[in-house]
Each structure stands twice: as structure tokens, then as C-alpha cells.
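> the sequence and its predicted three-dimensional model are supplied below.
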Protein chains: 2
Amino acid sequence: MDTPPRDVPETPTAEQLVERWSELEEPEARAAAFHELPREESDEFFLMLPAHEQAALLLALPSGERRLWMRLLAPDDAADVLQEVEDEGARAELLGLLGVAARYEVRALLAYEEDAAGGLMSPMFARVRPDSTAEEAVRYLRRQAETDLETVSYGYVLDSEQRLLGVISLRQLIATRGTQKVHELMSTDLVTVREEMDQEEVARVFSQHHLMAIPVVDAEGRMKGIITADDIVDVVEEEATEDIQKLGGMEALDAPYLRTPLLQMVRKRAGWLAALFLGEMLTATAMARYEDEIARAVVLALFVPLIISSGGNSGSQATTLVIRAMALGEVRPVDAWRVLRRELTSGFLLGLVLGTIGFARISVWQALFHTYGEHWLRVAATVSISLVGVVIFGTLAGSLLPFLLRALKFDPASASAPFVATLVDVSGLVIYFTVADLVLRGTML
Amino acid sequence: MDTPPRDVPETPTAEQLVERWSELEEPEARAAAFHELPREESDEFFLMLPAHEQAALLLALPSGERRLWMRLLAPDDAADVLQEVEDEGARAELLGLLGVAARYEVRALLAYEEDAAGGLMSPMFARVRPDSTAEEAVRYLRRQAETDLETVSYGYVLDSEQRLLGVISLRQLIATRGTQKVHELMSTDLVTVREEMDQEEVARVFSQHHLMAIPVVDAEGRMKGIITADDIVDVVEEEATEDIQKLGGMEALDAPYLRTPLLQMVRKRAGWLAALFLGEMLTATAMARYEDEIARAVVLALFVPLIISSGGNSGSQATTLVIRAMALGEVRPVDAWRVLRRELTSGFLLGLVLGTIGFARISVWQALFHTYGEHWLRVAATVSISLVGVVIFGTLAGSLLPFLLRALKFDPASASAPFVATLVDVSGLVIYFTVADLVLRGTML
């Protein structure tokens, strides 16, 4: 006989709790699970959480416990957490828990736009003076290392006005004779970013130069902080998520899907959905203009969804390609003509493929079931020709709309797949019924 | 009188050439522009190019010049370049240009899947022995620094079987007394990844732990290399691009949009477009079943595009949200029920919004133009009720399809917006005409 396994209370690990975290919905349940972690795991767990989760957890903890956790955070991370706290009072309270120096730095960081280089950087970096010797610099960096700076692998060489002159790696310093001066050893071929640069741009600089850390400077060349590659990983994820959600035809969410309050999410979706619906109403108007044609040849109505969706699908492909290439900096406004030429050819070829399949489908059905009556060949021709036209139009509209939006200073990513599909639906109907008019006049119409 | 500006030949910089690079289409033009760069800029320029551009440039250069550039690359970057060269002969030739040691390492890297941790890592890292003293370790790292290893800011402590025991930072070593042993100082709380781990998973580990470098180990715990955060930035961009392109309803491209040969791109788009077209043909079949209804009440046909596109748009939103949340690990298979509950409510609310707008639109048009005849109220009811149904269906189909695909071991990202739209178009027609049948029977039908 099997004895049931005893319910041994296992001590959970940080990793395990991260796995389970999204299942715990109530703040109290989260606080309780967090308290169950052994002390050394709770540190690690807290630091693994994204900023918005850290903020929510802090607010769920008894206020006496918050100081410990706030002080565990580096200034840039503390600033991120505070940015996630919407209640002004709670934010001020959390800020007050920091030490004086940290509070000062966090306040400075909070003054930056969240999406700017200044809002990403850490103000803690190792400074060295240009006229120190290598030996002095190593000794100095060693002292700074004790206060746990973000990257003491590099010393930033600043003049008396805090202007950045060069950078020197710890490994260069230890690999050299102790009496050489820092300014003779430092590298002056610097890649820097300005404090107000958009984070998407900063990510591009990182990926182009394959750097581990970039110094942030102000307009006068004074060094303000450093951004490290690990922060950029999050930025890139975040920017891609925003673009993907916009491409899906909605406003980007501010938090992960399961964490976004339901009504807030519905609002973000309803806006675009209603706008698209209003645009799509033009199809009803367009269809009404062809009501007589439909009444005379009902067979025409059968292919309406097929025709317009083919335009929408090819438009969705084209707009997705162009928007992503723009976001990566691979396609720039000057490339509009090259894109136009490519998409014209692509659209024509793709239209031919679909037109051929459509023609075959109607011929086969006619042979098997005599579905389309005596004028089936003309019906097939109407559908095929329309498909070529609609796919070319969809492809062009999808690829050029992002350029147009950008020229008008809108976000190109608003040219979402559903937006393009809606645009193409209306014009697709016009193309279809115009072709029908030309091909079928005198026979069916 | 103005004198025309003299045509002073300016020496271009690496940055400028990067800007202009995509405009130069011909390999010869690229090689020529590359040769115009001053020597110190050409180094920088070459290293800034992505791997596929490096490969193309190498092949465009006279073969005598290639050795220099191949040897400039770190082993992991050289492996990436070789992976971009399709011609076997050219690849072997380039590999042969490397030094013996590098060639050996690159060959080992090429044996890994391109998307696995092993294919990303650099095999060059600094090793230290556990029983060295801190002083010996610093001296040893200093020597290794001369051969320019990827990150000599960390020493990896290996036993005699190359198993990873711990890690120690250069800054810890210099901040300590010289006689302490490495194994007393090293940190053993290690985050490592296995060599076969998928790069998307590796990126998640980086972003969760905020690390600058992660050691890669094999099944026996032997250290094989390190992955640094700057490589992960590229991985995250790349994975997001793949997902975005799949969401747009096509196969992911292998190269940037403007660099992909036209016919290859058409092939990647035609496959899905034709598949969607075949699926969409079911709409013609479905419409044919309702041909009699349409003939009796042509007004029904007018709203077909509006109804089915609303289902497609709401499905596109839902599938985009769920696929992205899955890719980020925010939504897992166990969350299917929570997602279902959320989307059921969202779909109902969104359907109500569109249904209300639709009802208002028909009422206003009727009041103004008497477009819809004596039974306009029933027509309006049919459209509104159908909209609620179609939007709920679209939302549910869009959100659950990724779970279904994942359970069937397909890529959830294949549940692209156009795929969901196609699925919903067919069912949308059925919903619409069923509602029409119920509401209009005895009056218009």
C-alpha cells in the first residue's frame, strides 16, 4: 500500500517564485509569498522583478519594511520604480526612504523624460583625473569599488569642469607601468550619447558599436552618467512590444498584458477599433453605390470578402515589413522610391499568383458544379483581374503609408495592419466593381 | 557675385559611410567607397557593419585584402560572418584566412545552431585557478589582457576538468589583500546557461538578472565560453523582427528588407498569401449558401465587409497581445483560462461599442436618406447583434489560437493577424446570416 507523500514544507527559491508570480493576483497573496522566501533569496527575487512589479510589491508590504528594499536599489532602478507609482503621496513617501545622497540623485533622474538617455542612465560611475598616474588611478578605482559602482571596469577621465576627456579600462591600467599618466593612456575615440537622446536611438548606438557601456553627456560635454548594455536589453524589448501592439491595431499598453486593468485595456483597444469601424463604414457606402449591379448579378457579391481580404493581407505584409525596417533604421525616408519600385514588382507578382489560383478555383467549381452560370468565364476574368489590381494596390498602400505618416510627423507604426486593411477594403471594392463593369457590361450587367 | 564652392574632396568618416551604405547597391560601388576611407576609419567602419554586410563586403574585396579583415574579427564574429556566406567554396576560403588557433575556435562555434547559446558565445574568456592568490590572479589576468579577451573584467574560476566553480571580478581582486586565495573570494552564486539553450531564452535570463556577461556551460558543467550583454541587444532585435514579420502574415526574412533579393522576398510572402487565399475561398462557399437570402434582401450584402472586418480587427488585436505576451514569458500555457475570461469580457464590451455605433449609423442614414426601406429597424438590429457576436468570436479566436498552436507544437506567432482575420471572416459570415435569418424571417426573408 502506498502511503500518501508527507506534506514537507519546502523553502521556495527566488526562481520558483518568479515562475509563480503572475498567478498570484492579490497584493496580499504576493506579500505573503514574498515573506516566505529565505532572506538571501528575497534579495535576489526583488532585484529580478521588473520595475512596475517592484513598485506594486513595495506598496503591498507593511510600510516599516519598505526602507530596506528601496535602499537595495541602485539610483537608476529606484527612479524607475518611483515612475511606476501613480499616487503622488506614496511616491513622496518612498522617495523619503532613501538616503540623502541617493534621494538627491534619484530626484535628478526623475527630471528626465522616462524614454530619454538621461532617464536610463546611472549617475554612479568612476571618475579619474587626467594627470593621475596609472598607479594612483588604480588605487583610486579600488577605493571607489568599495561603494559598489555600476561599472568600475572603466574609469572616466574628467577635467575640472566635469567634461569628459577620455576613458580608460581597469585592465589597461593594470597592464601598464605605474608611472604613466592617465591622459597618455586613455582612449579619446569616444562614443557618447546626449542626455536627451531617445532610448530607441541609444539602443541603435549600442548595437552598431557593440559596446558594454556608453557615457551620457550634456550639451556642454559634461558627463552625467553611464548607460550599460544590460539596461538596453530591456529598452529593446519594450520598444518592440510597443511597435507590435501598434501594428496589431491598438494603443500600446503601459504594463504587461495580464497586469493591465481590464477596463484600461478595453479603452486602449476600443479607440482604434471604433476608428477603424468608422472608416470601414465607407464600404457600406461603396457597396450601396453598386447595389443595382449586385441585384442583377448576385454572383458578384460572393467574391467580395475574398477580394478585399486579399488586398488587406498583402497590405499587412508590406506595412509590417516597412515599419519594422524603419524602426531598425534599415529603411529611411530617402528610400521611399526604392521601396516603391520593389513593392510594385512584388505586388504584381503576388497578384498574379492569387489571380491564377482564383481563376483555377472558379473554373474547377464551374466544371464540377456549374455554380456560376453561362458567363462563368467572364466572372473568372473579373475576379482574377481584380485580384491583381487589389493586391498591387494593397502592397503599395501598405508600404507607402508609413512614409506618408512619417512625413506628416505621425508615428509610422500607426499604419497598422488593420488600418491598411480598412483603407484597402474600400478601394478594393471600387476596383472590383469597376473591373466587373468593364468585363460584364452587356452580358450580366 | 558668388563664386561656386570649390569641390574639396572631403575624407569621409566611418559614421558617414554607414549612413550612405544602404544607398550603394552594387558590390563594386561598396568596395570603392570602403577603399576611400582613411585606414583608421575603415577598421571602425568594418566592425560597425552587421555580419551579413561584412560577409558581402569581404566577398566584394579583392581576395588579397580579405585576410586582414577576417583576422580583425573576434572568433564569435568571424563565425557569424561565415554563417552568412552561402557559397561553400567561398566560406572555406575565408575560414582558411584565419590563424590556426582562431580557425579551430571558429570551426567549433560553427558546429552550434546559429540560434543557440553556443552559437552566440565567445570562446575567449579569462581563466583563473581556485588556489591562486589574488595577487597571482591579477598578474595572470594582466597577461591575458594583452591578448585582448572579450571581458577581462571577470576571471572565471575553473577546476582541472574545466568545470566552472565561481567567478571573480577584477575589481574584487584589486580591492583585496594580495595573499587571499581566489576560492575564498570568488562568488559561487552563478547564473549560467547551457550551450544548447535557445537565444530567446538566453535573452530572458539576461533581462531577468541584469547581467553584463553570462558563462556558457555544457551538460557536465564545463565552461565553453561567455555571452556578453551587447550581443544580446542584437538577439532581442532579431527575435522581435522575426515575430513582427510572422505577425504580419509572412515568413520571416533572413536579411534586412532592402538587402533581401526581390524574388526570395516574394516567395516568403507568396506562401502565406496563397494559403490565406485558399482559406478565404471558404467565404465564397459560405456566401454561395446564402445567395438566395442576398437575392431577396440585397441590403444584407452591403454590410458584409463591415461585419467581417470588425471581427478581423478585434481578432488582430487579441492575437497580437497574446503572442507578444507569450514571447516575453508574461503569459504561459497555464494562463489560458485567465486569458479566456479577460478576452470574453473585453470582446463583449468592444462588441457593444461597435454594435452601438453601427445601430446609430443605420438610424441616421435612414432618417436622412431612407436608404434601408421600411424594415430598417430590423436591419439595424441584425447588424448590431451580429457585430457583438462577431467581435466576441474574433477576440476569442485571436487570443486562444496562439495557445492552441503552442499545444500542437507549432510556433504561436504563426497565428498572425491575417490568419486570424481569415478564420474570423468565414465564421463572421455564418454568424451574420444566421442572425439575419432569425431577425428578418417573415419580413424581408
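Arrived safely. As the structure is a prediction and not an experimental result, all values here were calculated from the model.
> any regions of chain A where pLDDT drops low?
Low-confidence segments of chain A, defined by pLDDT under 70: A:1-10, A:145-152.
> walk me through the domains of it.
Using automatic domain parsing, the domains assigned to chain A come out as A:14-111, A:127-247, A:257-440.
> for residue B:231, which of those is the nearest?
Proximity of these to residue B:231 was assessed by C-beta to C-beta; the nearest stretch is domain A:127-247, lying at 7.8 Å. In this view, the C-beta of every residue, glycine as well, is placed from N, C-alpha and C.
> what is the end-to-end distance of that closest one?
Domain A:127-247 has an end-to-end distance of 44 Å (criterion: C-alpha to C-alpha, to the nearest Å).
> ditto for stretch A:87-105
Using C-alpha to C-alpha, one end of stretch A:87-105 lies 21 Å from the other.
> what lies in contact with it?
When contacts are taken as C-beta atoms under 8 Å, 6 or more residues apart in numbering or on different chains, the neighbours of stretch A:87-105 outside the stretch itself are A:58-59, A:63, A:66-67, A:70-71, A:75, A:78, A:81-82, A:85, A:106-107, A:123-124.
> now do the buried residues in that stretch.
Of the residues in stretch A:87-105, A:90, A:91, A:93, A:94, A:95, A:97, A:98, A:102, A:103, A:105 count as buried by neighbour count, 16 or more other C-beta atoms under 10 Å in any protein chain shown.
> how far is that stretch from where the chain is centred?
The gap between where stretch A:87-105 is centred and where its chain is centred comes out at 29 Å by C-alpha atoms, centre = their mean, to the nearest Å.
> same thing with stretch A:115-133?
For stretch A:115-133, the distance to the chain centre is 27 Å (C-alpha atoms, centre = their mean).
> do stretch A:375-389 as well
Between the mean C-alpha location of stretch A:375-389 and the chain-wide mean there is a distance of 41 Å, by C-alpha atoms, centre = their mean.
> again with stretch A:37-48
Relative to the chain's own centre, stretch A:37-48 is displaced by 29 Å; criterion: C-alpha atoms, centre = their mean.
> any idea which of the domains of chain A is most buried?
With neighbours defined by mean count of other C-beta atoms under 10 Å in any protein chain shown, none of these is more surrounded on average than domain A:257-440, at a mean of 21.
> how many neighbours does whichever residue of the stretch 101-250 of chain A sits closest to chain B have?
Closest residue of the stretch 101-250 of chain A to chain B, C-beta to the nearest C-beta: residue A:248 (2.6 Å). Other residues near residue A:248 number 27, with proximity taken as other C-beta atoms under 10 Å in any protein chain shown.
> next, the contact list for it, please.
For residue A:248, the residues meeting the contact criterion (C-beta under 8 Å, 6+ apart) are A:416, A:417, A:418, B:247, B:316, B:317, B:319, B:320, B:321, B:417.
> again with residue A:51
With contact taken as C-beta under 8 Å, 6+ apart, residue A:51 is in contact with A:77, A:80, A:81, A:83, A:84.
> ok, now residue A:60?
Taking C-beta under 8 Å, 6+ apart as the contact definition, residue A:60 lies against A:27, A:28, A:30, A:31.
> returning to that earlier point: now the residue of the stretch 101-250 of chain A closest to chain B, nearest residue through space, not along the chain?
Closest residue to residue A:248 apart from its sequence neighbours, by C-beta to C-beta, 6 or more residues apart in numbering or on different chains: residue B:320 at 2.6 Å.
> could you look up the SS state of residue A:167?
On the three-state scheme (DSSP: H, G, I helix; E, B strand; the rest coil), residue A:167 is labelled strand.
> hmm, back to that, isn't the residue nearest to residue A:248 right next to residue A:246, touching?
No - when contacts are counted by C-beta atoms under 8 Å, residue B:320 is not listed as touching residue A:246 (9.2 Å).
> using a markdown table, lay out the contacts of residue A:51 together with distance to residue A:267 and secondary structure.
As requested, the contacts of residue A:51 are exported to a markdown table (distance: C-beta to C-beta, whole Å; DSSP: H, G, I helix; E, B strand; the rest coil):
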| residue | distance to residue A:267 | secondary structure |
| --- | --- | --- |
| A:77 | 30 | helix |
| A:80 | 25 | helix |
| A:81 | 25 | helix |
| A:83 | 21 | helix |
| A:84 | 19 | helix |
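> picking up where we left off before, which one of the domains of chain A lies nearest to residue B:199?
domain A:127-247 (12.2 Å).
> pick out the residue of the stretch 251-400 of chain A closest to chain B.
When distances are taken as C-beta to the nearest C-beta, the stretch 251-400 of chain A reaches nearest to chain B at residue A:320, 2.6 Å away.
> could you give the angle of the host helix or strand of that residue to helix B:304-327?
When secondary structure is defined using DSSP states H and E, the element that contains residue A:320 is helix A:304-327. Interaxial angle, helix A:304-327 versus helix B:304-327 (axes from the mean of the first three to the mean of the last three C-alpha atoms, to 10 degrees): 40 degrees.
> just the C-alphas of helix A:304-327, formatted as PDB.
The C-alpha coordinates for helix A:304-327 follow below in PDB (Å, rounded to 0.1, in the frame of the first residue of the first chain):
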ATOM      1  CA  VAL A 304     -16.400  40.400 -52.100                       C
ATOM      2  CA  PRO A 305     -14.800  39.000 -48.900                       C
ATOM      3  CA  LEU A 306     -12.200  37.100 -50.900                       C
ATOM      4  CA  ILE A 307     -11.200  40.100 -53.000                       C
ATOM      5  CA  ILE A 308     -11.000  42.700 -50.200                       C
ATOM      6  CA  SER A 309      -9.200  40.400 -47.700                       C
ATOM      7  CA  SER A 310      -6.500  39.600 -50.300                       C
ATOM      8  CA  GLY A 311      -5.800  43.300 -50.500                       C
ATOM      9  CA  GLY A 312      -5.800  43.600 -46.800                       C
ATOM     10  CA  ASN A 313      -3.400  40.600 -46.300                       C
ATOM     11  CA  SER A 314      -0.900  41.800 -48.900                       C
ATOM     12  CA  GLY A 315      -1.100  45.300 -47.400                       C
ATOM     13  CA  SER A 316      -0.500  43.900 -44.000                       C
ATOM     14  CA  GLN A 317       2.700  42.200 -45.200                       C
ATOM     15  CA  ALA A 318       4.000  45.300 -46.900                       C
ATOM     16  CA  THR A 319       3.300  47.600 -44.000                       C
ATOM     17  CA  THR A 320       4.800  45.300 -41.400                       C
ATOM     18  CA  LEU A 321       8.000  44.900 -43.400                       C
ATOM     19  CA  VAL A 322       8.400  48.600 -43.900                       C
ATOM     20  CA  ILE A 323       7.500  49.700 -40.400                       C
ATOM     21  CA  ARG A 324      10.000  47.200 -38.900                       C
ATOM     22  CA  ALA A 325      12.700  48.200 -41.300                       C
ATOM     23  CA  MET A 326      12.100  51.800 -40.400                       C
ATOM     24  CA  ALA A 327      12.300  51.100 -36.700                       C
END
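> what about residue A:215, helix or strand, and which?
Here residue A:215 sits within strand A:213-217, counting by DSSP H and E.
> pairing partners for that strand, with directions?
strand A:193-194 (parallel), strand A:223-228 (antiparallel) (DSSP bridges).
> which element follows the first one toward the C-terminus?
Right, strand A:193-194. Heading C-terminal from strand A:193-194, the first helix or strand you meet, by DSSP H and E, is helix A:199-209.
> what packs against that following helix?
The helices and strands touching helix A:199-209, judged by 3 or more C-beta pairs under 8 Å, 6 or more residues apart in numbering or on different chains; DSSP states H and E, are helix A:117-120, strand A:193-194, strand A:213-217, helix A:229-247, helix B:229-247.
> can we see that at 10 Å?
Secondary-structure packing of helix A:199-209 (3 or more C-beta pairs under 10 Å, 6 or more residues apart in numbering or on different chains; DSSP states H and E): helix A:117-120, strand A:193-194, strand A:213-217, strand A:223-228, helix A:229-247, helix B:39-48, helix B:229-247.
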